[in-house]
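Novice: the amino acid sequence is not available; the structure is as follows:
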């Protein structure tokens, strides 16, 4: 699929550093009992307590505007941390309330998760987000309409393109900024016995190689590279060191527009691309 | 097991790039509920929408005739994409209708999957395939006879040889072009939470090293190297970049016949090799 | 989270080599039937029989005081091995009796595990430990209070910081020396079919790279690097060789205080840091 | 644990290349239904049909006497292949009849598996093996006595030492030649969906690095390096190429005695080492 998308000015590709600030919510949803495990809770708390400040410093060093997807639960539990993101000038976007997987919810539950999330971000950070990313990157077929109803400009949860596009929703559309599993840190680093992970932990050098190769290739394709990191994972010292090196590498390419997803979505909206319809597969 | 197989002209080994164009069918079969997961569907749609055009371009650049195993469901859902494969001069082969695992089917179901697949490829692409590969590389002991009854020339689903051979089926035979798990991209790249994958994602450099080492070694053995890639996996930008480099490497060897499986099977058939019988293990 | 912690003298960071001497207990707890598997038992026995002496030699070569977390069961089954640790001048700390996972226990069971562990270490090694680490790194919210009641100085089971801190417990506190999964050898090396492990075994070179990168980064952060190895895993010959090289690397940094956890905890206690309260997440 | 073991002549360490010729038995035992999967059966058949001849050639090139553990089922299904091992001068040893996991058997079943295995090797290859290795490396506490009763000289299934030893059995003993999971190819290469494997497949370069590092380290320790490969895995072309390079590396060390396990066991027996008793852990 070629894309008619053009980037602003003399830019020929785009890059975004995004962070899912899941903290405890990523493991609590659907698993109340895990709250009894103090070490597991502390593993998740590392994100807002240590990983996030370190990442904010890296972004400051490299002068990169980033997008942080913040579940409402994280905002309520770590309000100061979330406000620091805003104060540093970064974008806050929506990531559910308790990191609820949309496809496991009823319509009423999905609406509740969206609205509680909006309320928490408003209360804590005074923010009305324009962007959304489905927890577990698991959008339901209902979600796009719910987003349009709430005035969201963009979603970042689908995986069928290298370039952003307008996703048709009824008579309107929402900008879709695609992601992919290979540009996520979960598969490389997450180890939570009985909860998540392959059981293996990769070296930060390997993760960085993987992400950089994809940057090189998407840049050559004039596409949009969207990296997703979790502060409780990539905020660890040596992973952050590699991430910082990668930031230096990315911003060292003048032909690439390194910015946050909100800015990318606004740009896409100005292009008036014809919306694209995706059809749910029926029974075979 | 030595092989009496000789390659055409001055060629001393063979190589084939093959692609299983599974798209949604790879996850839908046996799991209707997965259709409700829009992100998962989009992950699979990347194959025909983005991965496939990119791969066709690579094959054009390196002037390699390839084989595409296309489930009927993919043909019905992405007819234009499948017709582009034909127009580019590549071989279309059979891969079930909804990527049904033959050993999980009754005889009637297996027949239905074969015939629906044939019908879809005829309708959409005007093609009557001569080749077959079992979805999940899981041939049943009934499949070879069903293939011979339908006039198939070859199968590519078994793993007991480095060289193609004639597999005895009743009084006749079908050409078998063996494959192996280490020459597949699924194990290296596939990550689909709750559905498939080891949980880890490898770097394209590692996958390429693995495949190239096996090319070198099978070439030295005068054998047949058959790589299998999935457009929804290896069509990603940096993986395709490595795949392109590997294509350059492979076609750079003049002593190796780089072609599609149909051409290999036709050559094998001209050799009149004595068919080989494989006996199903009985109770021990 | 910045830390007010200062290191002694001219030291700007700390490093500790710690060993969980689990032996059979790591697999027996909650799984009596595994005792019937002689090979599995021998796999665990390698720790005290071969791995431990080899590690003691490495520590002697590099003149590093280390901490050994010894389950009571290991002390009773391998008393001579445990006494050798004491004789070599290293610290013995508490690691449950049969490697019981605290969050799976009732309060009474957790108390029993603690007290049986204390008794075993007293009987076998004449030691009253000041440090504790939860088996499976799975502290319960009750554990800190139980530790304070028994006069423990420190715990090393939480993961929410790069620096040690005072963890508030009622009116008092316990020193917490944080750990992390990436600085553990289990994820890299453990393979016990049907029992534990990802199914993969990594090269010692990869594990060493991972650990050394984190050392470099935590050193730069003025933090505390705590490596955890299991003698039944890292006591294997080539893994121990890499571990020895890593020891050489670590002690080659004069600005880093390489010592055992007991010494680190004592130092932290002298700083009178304000204790930190961690709140268990409630229902969302 | 230091060892009093001395190697013959001027040798200061030992190395053995061993092969578990499991073929179909490795997956059939306990899982009759798998026989219906023709591709899976062909994956296993690759071992005796292609992998084994290639490995025999490598051993011939490097003039290494090796040990092949052959399940009775393999002998009955591939008699010619098994006889070729004997004709090439290698040792045949016992590996169950249908690769039965000893700890899952009753005493009567374990006896039956042993005796059927002996009978098959006698019938097919005219061999009475002196060595045994438990399928799945899962010795039961009864097995050593059963081996002594049948006149076996050695077992190679335990993991608690780097050096061979005499394992006490009643008033007598059996020589134990220890193995370890890191010196096995299963964890690196095995991929059998729904049956076995981590889901990942490693590069032969990584496996070779791992095995060679352990060779270097065990050599330095004056110990016994025992590599275990499966022809259906390591008989693949590029893996065999790396294995051949490793053979060259190992035999290039004159101070290392590279031989088969039978020769090692005979040597150990001449040393009259005091037998060692291993006690089964009781309830804690």
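Specialist: On my side now, so go ahead. Only a predicted model underlies this, so the values are computations on that prediction, with no experimental measurement involved.

Novice: find the nearest non-adjacent residue to residue A:193, please.
Specialist: Spatial nearest neighbour of residue A:193, excluding adjacent residues (C-beta to C-beta, 6 or more residues apart in numbering or on different chains): residue C:136 at 6.8 Å. For the C-beta atoms, the positions are set from N, CA and C on the backbone; glycine is no exception.

Novice: state which helix of chain A is the longest.
Specialist: When chain A is parsed with DSSP state H, its longest helix is helix A:107-125.

Novice: what is the next helix or strand after it packed up against?
Specialist: Later in the chain than helix A:107-125, the nearest helix or strand by DSSP states H and E is strand A:131-132. Using 3 or more C-beta pairs under 8 Å, 6 or more residues apart in numbering or on different chains; DSSP states H and E, the elements in contact with strand A:131-132 are strand A:91-94, strand A:154-155, helix A:261-270.

Novice: contacts made by the first one with the rest, please.
Specialist: Applying C-beta atoms under 8 Å, 6 or more residues apart in numbering or on different chains, the external contacts of strand A:91-94 come out as A:65-70, A:82, A:85-86, A:114, A:117-118, A:121, A:125, A:127, A:129-133, A:152, A:156, A:260-262.

Novice: same thing but at 6 Å, please
Specialist: A:67-70, A:117, A:125, A:127, A:129, A:131-132, A:260, A:262 (C-beta atoms under 6 Å, 6 or more residues apart in numbering or on different chains).

Novice: what are the buried residues along it?
Specialist: Neighbour counts using 16 or more other C-beta atoms under 10 Å in any protein chain shown place A:91-94 of strand A:91-94 among the buried residues.

Novice: now that strand: how far from the chain's centre is it?
Specialist: 9 Å (C-alpha atoms, centre = their mean, to the nearest Å).

Novice: show me where the stretch 101-250 of chain A has helices.
Specialist: Assigned by DSSP state H, counting those that start in this stretch, the helices in the stretch 101-250 of chain A fall at A:107-125, A:143-149, A:186-189, A:204-220, A:231-234, A:237-251.

Novice: out of these, which one sits most buried?
Specialist: Comparing those by mean neighbour count (mean count of other C-beta atoms under 10 Å in any protein chain shown), helix A:231-234 ranks first with a mean of 28.

Novice: least trustworthy helix or strand in chain A by mean pLDDT?
Specialist: Least confident element among the helices and strands of chain A, by mean pLDDT, DSSP states H and E: helix A:25-28 (a mean of 94).

Novice: mind checking how far that helix is from the chain centre?
Specialist: Relative to its chain's centre, helix A:25-28 lies at 16 Å (C-alpha atoms, centre = their mean).

Novice: residues contacting whichever residue of the stretch 101-250 of chain A sits closest to chain B?
Specialist: Going by C-beta to the nearest C-beta, chain B is nearest to residue A:198 of the stretch 101-250 of chain A, at 2.8 Å. The contact partners of residue A:198, taken as C-beta under 6 Å, 6+ apart, are B:198-200, C:198.

Novice: so what's it closest to, chain neighbours aside?
Specialist: Nearest non-adjacent residue to residue A:198, counting by C-beta to C-beta, 6+ apart: residue B:199, 2.8 Å away.

Novice: what parts of the stretch 151-284 of chain A come near chain B?
Specialist: Residues of the stretch 151-284 of chain A found near chain B (C-beta under 6 Å from any C-beta of the partner chain) are A:157-160, A:162, A:181-182, A:187, A:198, A:200, A:209-210, A:213-214, A:217-218, A:221, A:281, A:284.

Novice: burial count for the residue in the stretch 51-200 of chain A that chain C sits nearest to?
Specialist: The stretch 51-200 of chain A approaches chain C most closely through residue A:199 (2.8 Å), counting by C-beta to the nearest C-beta. Residue A:199: 18 surrounding residues under other C-beta atoms under 10 Å in any protein chain shown.

Novice: is the longest helix of chain A positioned near chain B?
Specialist: No. On the criterion C-beta under 6 Å from any C-beta, helix A:107-125 is out of touch with chain B, staying 12.1 Å away.

Novice: which elements pack onto that helix?
Specialist: In this structure, helix A:107-125 makes packing contacts with helix A:72-77, helix A:79-87, judged by 3 or more C-beta pairs under 6 Å, 6 or more residues apart in numbering or on different chains; DSSP states H and E.
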